[in-house]
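Engineer: Just need the structure, nothing else, for what follows:
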Amino acid sequence: HYLGEACMVFNRLDVDGSGGLDAKEMASFATALEEVEGGMARASFDALDGDRDGQLSGGELEAAALACGEALLAEADSNGDGVINFNEYMAWWAKRRLKQRINLEAECLDSGVDLKAGSGTGG
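Structural biologist: Numbering: from 1, shown residues only. Prediction:
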């Protein structure tokens with residue numbers, strides 16, 4: 001599975017289809033990655049900064065942790081007993097990974113990446 005994902009990523013980076021990554025493609029990737037990570041970090045920070053003062057207080061972090069814990073409990077506690085055992089956690093984890101894979105495949109399709117090229121045969 002990971003090899004197929006790696007091939008999809010490679011094919012997306014290999015803009016000119018040469019089968020290799022040149023310095024321009026690597027620089028372009030690094031710039032895009034920095035922009036995405038910066039945007040994700042800003043969105044994450046802003047979501048935690050409840051009073052929008054540009055700082056995260058202990059109370060804001062505690063509220064975020066509580067909300068995350070409650071969301072995880074609601075999603076993963078399949079038998080409704082108020083706790084998550086290891087089997088429930090692993091089922092939640094697998095479901096989460098599947099969602100990530102589906103999102104990655106949808107993103108690849110949206111960007112025109114040939115998913116069949118992920119077999120390692122090249123692009």
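
Engineer: Let's see the pLDDT reported for residue 121.
Structural biologist: Residue 121 is assigned 42 on the pLDDT scale.

Engineer: and the gap between the residue nearest the centre of the chain and residue 94?
Structural biologist: Centroid-nearest residue in the chain: residue 100, 6.3 Å away (criterion: C-alpha atoms, centre = their mean). Residue 100 sits 11 Å away from residue 94, going by C-beta to C-beta, to the nearest Å. Glycine gets a C-beta too; all of them are placed from N, C-alpha and C.

Engineer: Low-confidence ranges, this structure, go.
Structural biologist: 1-4, 108-123 (pLDDT under 70).

Engineer: all helices of the chain, in order?
Structural biologist: Shown for the chain, the helices assigned by DSSP state H span residues 2-13, 23-48, 58-76, 86-110.

Engineer: Now the residue of the chain positioned farthest from its centre: phi and psi?
Structural biologist: Going by C-alpha atoms, centre = their mean, the residue of the chain most distant from its centre is residue 81, 29.6 Å out. Note on residue 81: backbone dihedrals following degrees, to the nearest 10 are phi -90, psi 0.

Engineer: State the distance from it to residue 34.
Structural biologist: Using C-beta to C-beta, residue 81 is found at 44 Å from residue 34.

Engineer: With residue 55 instead?
Structural biologist: To residue 34, residue 55 is 24 Å away according to C-beta to C-beta.

Engineer: And residue 62, by the same measure?
Structural biologist: Taken as C-beta to C-beta, the span from residue 62 to residue 34 is 31 Å.

Engineer: shouldn't residue 8 be in contact with residue 104?
Structural biologist: Yes. Taking C-beta atoms under 8 Å as the definition, residue 8 is a contact partner of residue 104 at 7.4 Å.
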